[in-house]
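Student: Sequence first, then the predicted structure:
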Amino acid sequence: MSNFLDNLKGLFQFIKSKTFLKQIGIAIVSILVFVFVLQWWLGVTTNHNQKIQVPNLHKMSLAEVEQKLTDLNLDFVVIDSANYNPDYPKKSIIEQDPEAGDFVKEKRKIYVTLNPSKYRDVQIPDLNGRTRRQATTHLRSIGFKVGDNVTWVADIGKDVVRGLKYKGQKIEPGTKLPKQTTIDLILGDGNGN
């Protein structure tokens, strides 16, 4: 027991000694210098205070986007082309990330989405034998418009689809047409055999 107490006294005397306090002081100063140097180095290598405001790229062509972003020392990546939007010019930017007005650092990539040159083509379904309401709902759900120019044919079924027309010509199921195309119905008149 006395040996333990002697060791404990020796430890307290060492903690009170000038050598120990000098070592603690050196360690604290070293840590502060290290933190200061690290913070300075990170600020220099990550361009800490640099801010470039992202321009509005909407409705610009790819050539215009490339010129504008090169002047600002920014990069861009085309991620996709979305659904055709008739409010934007063909092959122009319709979305961007980060948004216009955000602040970024140099060499940051701006992700842009292009407007396709036309609506995506959709395959015409086989609607023969469906009711007018079913056919209209189905065509609208896949992106077509249903015209008012109905052609009536002699058929036992009233308002039953007997075909589809595009620009006055009968079209077959499986034909591909751009979305938003107007399709007219050929319907039975209910008076046929």
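Tutor: Structure's in. What do you need?
Student: How about stretch 94-113, which residues are buried there?
Tutor: By 16 or more other C-beta atoms under 10 Å, the buried positions in stretch 94-113 come out as 94-96, 104, 108, 110, 112. No exception for glycine: its C-beta is placed from N, CA and C like everyone else's.
Student: Low-confidence bits of the protein, can you list those?
Tutor: Low-confidence segments of the chain, defined by pLDDT under 70: 1, 46-49, 82, 193.
Student: From the buried residues of stretch 94-113, which land in strands?
Tutor: Mapping those onto strands (DSSP state E) picks out 94-96, 104, 110, 112.
Student: right, and the pair among these with maximum separation?
Tutor: Ile94 and Val104 (20.2 Å; C-beta to C-beta).
Student: What is the longest helix that the chain contains packed up against?
Tutor: Ordering each helix of the chain by length in residues (DSSP state H) puts helix 18-45 first. Of the remaining helices and strands, none touches helix 18-45 by 3 or more C-beta pairs under 8 Å, 6 or more residues apart in numbering; DSSP states H and E.
Student: isn't Arg132 right next to Leu187, touching?
Tutor: Yes: in this structure, Arg132 is within contact of Leu187 by C-beta atoms under 8 Å, at 5.9 Å.
Student: Name all residues that sit in contact with these two at the same time.
Tutor: Shared contacts of Arg132 and Leu187, defined by C-beta atoms under 8 Å, 6 or more residues apart in numbering, are found at 159-161.
Student: ok, back up a step: after the longest helix of the chain, next one along is what?
Tutor: strand 52-53 (DSSP states H and E).
Student: And that following strand, how far out from the chain middle?
Tutor: Offset of strand 52-53 from its chain centre (C-alpha atoms, centre = their mean, to the nearest Å): 21 Å.
Student: so what strands line up beside it?
Tutor: strand 103-104 (antiparallel) (DSSP bridges).
Student: outside of the strand it pairs with, which residues touch it?
Tutor: Defining contact as C-beta under 8 Å, 6+ apart, one finds that strand 103-104 is touched by 51-54, 74, 98, 110.
Student: Out of those, give me the one that has the most neighbours.
Tutor: Highest neighbour count within these, by other C-beta atoms under 10 Å: Ile110, with 23 neighbours.
Student: For the nearest residue to that one once chain neighbours are set aside, what are phi and psi?
Tutor: Computed as C-beta to C-beta, 6 or more residues apart in numbering, the closest residue to Ile110 that is not its neighbour in sequence is Phe76, at 4.6 Å. Backbone torsions for Phe76, taken as degrees, to the nearest 10, come to phi -140, psi 160.
Student: could you measure Phe76 against Lys105, distance?
Tutor: Using C-beta to C-beta, to the nearest Å, Phe76 is found at 15 Å from Lys105.
Student: cool, Pro178 as well?
Tutor: As judged by C-beta to C-beta, Pro178 and Lys105 stand 41 Å apart.
Student: can you check Ile186 too?
Tutor: Taking C-beta to C-beta as the criterion, Ile186 is separated from Lys105 by 61 Å.
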